[in-house]
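> heads up, no residue letters with this:
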């Protein structure tokens, strides 16, 4: 039986959205392949401590901020690895290729280096997700007001939207979904329809967002480019990952009028439920842009919001 090897891996990110990749040197496994910098977690080390040490040794940089992000497992011919990914937005020093054959700053949507290590495809896909997931509420705001708020948010940079309109009748919901999807497409934003695959197909949405009930009964991933789900605990998150979904929302973290009877998790319980997320997770429930830093520290990819998002400046 192959021993599980723990590895700390860094997504070192510049403000322009580019991240650093290193090319494996000759004389190593997969020479010439590109990877996220990092290395093996030694006995007695935490993944975070290993990350700090490895980046100092490999790149000559000192980590200032590292947010826990994803945990992925992969079986190579030579090893079964568990990769603990961290996002590193702040560091000191200029990265140097001390152990790699070359270094390159890349974007998830346009890679100009290849090949990548096999374990990294889901990570690159996750990196294409923005930090804010906006959820529409035309049933409360009014259709015209919601469309106006949507275009304003898209102008500010919003790039991920869920259409969730339980208060609209079917005809209104269909008309709104078509209009909102066309608007999002014009700005290059992804749009998911909550719980309705037929409507998602009809309006040309990028995917569907499964309710918690739909997640619990799903036996296979819906056939869409992007699929997400609403989760309440670690079991839900594991099910979403096992189905191969692209991301999830977890909450409510704080009290929210959308689900007034739900007991809020609070940040400590939220972080405990995440602990080792295998897919990107957005914190939901009373969220605003001011919660992004706390969400990142707890291991979330970002925040999802139904009300405050329409006033927040997008990143």
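Ah, there it is. Just so it is clear, the model here is predicted, and its values are computed rather than measured.

> remind me which residues of the stretch 151-300 of the chain are low pLDDT?
Screening the stretch 151-300 of the chain residue by residue with the criterion pLDDT under 70, one finds the ranges 259, 261.

> how about 90 then?
Applying pLDDT under 90 to the stretch 151-300 of the chain picks out residues 255-263, 275-276, 289.

> Give me the nearest residue to the spatially most central residue of the chain, chain neighbours excluded.
For the chain, residue 280 is the residue whose C-alpha lies nearest the centre (C-alpha atoms, centre = their mean; 3.3 Å). For residue 280, the nearest residue in space outside its immediate sequence neighbours is residue 301; the separation is 3.7 Å by C-beta to C-beta, 6 or more residues apart in numbering. C-betas here are computed from N, CA, C, even on glycine.

> List the contacts of the longest helix seen in the chain.
Within the chain, and with DSSP state H defining each element, the longest helix by residue count is helix 170-187. Under the contact criterion C-beta atoms under 8 Å, 6 or more residues apart in numbering, helix 170-187 has outside partners 136, 138, 143, 146-147, 150-151, 154-155, 158-159, 161, 163, 165, 168, 190-191, 193, 199, 202-205.

> What subset of those residues is buried?
Among the contacts of helix 170-187, those classed as buried by 16 or more other C-beta atoms under 10 Å are 136, 138, 143, 146-147, 150-151, 154, 158-159, 161, 163, 165, 168, 190-191, 193, 199, 203, 205.

> Of the residues you listed, which belong to helices?
In helices, judged by DSSP H, the following of those are found: 138, 143, 146-147, 150-151, 154, 199, 203.

> ok, those residues vs residue 111, which is closest?
Nearest to residue 111 among those, counting by C-beta to C-beta, is residue 154 at 25.8 Å.

> how far away is the closest one from residue 183?
Going from residue 154 to residue 183 by C-beta to C-beta, to the nearest Å gives 7 Å.

> thinking again about what came up before, in the longest helix of the chain, which residues are buried?
Counting neighbours by 16+ other C-beta under 10 Å, one finds that the buried residues in helix 170-187 are 173-174, 176-181, 183-184.

> How about stretch 65-74?
Neighbour count says stretch 65-74 has 66-72 buried, by 16+ other C-beta under 10 Å.

> what's the closest of the residues you listed to residue 254?
The nearest member of the buried residues of stretch 65-74 to residue 254, counting by C-beta to C-beta, is residue 67 at 19.9 Å.

> Assign that closest one to helix, strand or coil.
For residue 67, the reduced secondary structure class is strand; criterion used: DSSP: H, G, I helix; E, B strand; the rest coil.

> With adjacent residues omitted, what lies nearest to it?
Excluding its sequence neighbours, the residue lying closest to residue 67 (C-beta to C-beta, 6+ apart) is residue 296, at 4.3 Å.

> What of residue 89?
Beyond its immediate neighbours in the sequence, the residue positioned closest to residue 89 (C-beta to C-beta, 6+ apart) is residue 13, lying 5.2 Å away.
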